[in-house]
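Chemist: just the structure for this:
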Amino acid sequence: MSFPAEARMGNDIARQFAHLSAPQAAEAVARHIETFWDPRMRRTLEALVAAHDDALDPLLVDATGRLAAHASRSEPDAQP
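Modeler: Sure thing, here's the model as predicted:
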């Protein structure tokens, strides 16, 4: 079984921010992914989280949920 690149990279990013409090770290990971990952990579990560992949760092899972929240806030019809 191969380990998806998005899971490996996401876990690496989560480790880089692990020195912060959990909410700050998850937000930092989300911002990093939002800034540097293309939409296909984000969709793959979202699918891994939805599949409850045990190999994902909990900070990465939290960050992925925050990405969805960021996306809903940036949609033109989104309410504050």
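
Chemist: use CA for all of it now, contacts and neighbours both
Modeler: Will do.

Chemist: distance of Leu59 from Ala14?
Modeler: Distance check for Leu59 against Ala14: by Cα to Cα, to the nearest Å, it reads 6 Å.

Chemist: okay, and the common contacts of those two?
Modeler: Ala25, Ala26, Val29 (Cα atoms under 8 Å, 6 or more residues apart in numbering).

Chemist: out of those residues, which end up buried?
Modeler: Ala25, Ala26, Val29 (16 or more other Cα atoms under 10 Å).

Chemist: what is the strand or helix carrying Ala7 packed up against?
Modeler: Using DSSP states H and E, Ala7 sits in helix 5-16. Judged by 3 or more Cα pairs under 8 Å, 6 or more residues apart in numbering; DSSP states H and E, helix 5-16 is in contact with helix 22-36, helix 39-50, helix 58-74.

Chemist: would you mind giving these as TSV with distance to Met9 and mean pLDDT added?
Modeler: Below are the helices and strands packed on helix 5-16 laid out as TSV (distance: least, Cα to Cα, whole Å; pLDDT from 0 to 100):
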stretch	distance to Met9	mean pLDDT
helix 22-36	10	97
helix 39-50	10	96
helix 58-74	10	89
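
Chemist: okay, which residue is most central for this protein?
Modeler: Thr64 (3.1 Å; Cα atoms, centre = their mean).

Chemist: surely it touches Leu45?
Modeler: Yes. With contact defined as Cα atoms under 8 Å, Thr64 reaches Leu45; the gap is 7.5 Å.

Chemist: make TSV from the helices and strands packed on helix 5-16 and add distance to Ala7 to it.
Modeler: Converted to TSV, the helices and strands packed on helix 5-16 look like this (distance: least, Cα to Cα, whole Å):
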stretch	distance to Ala7
helix 22-36	12
helix 39-50	7
helix 58-74	9
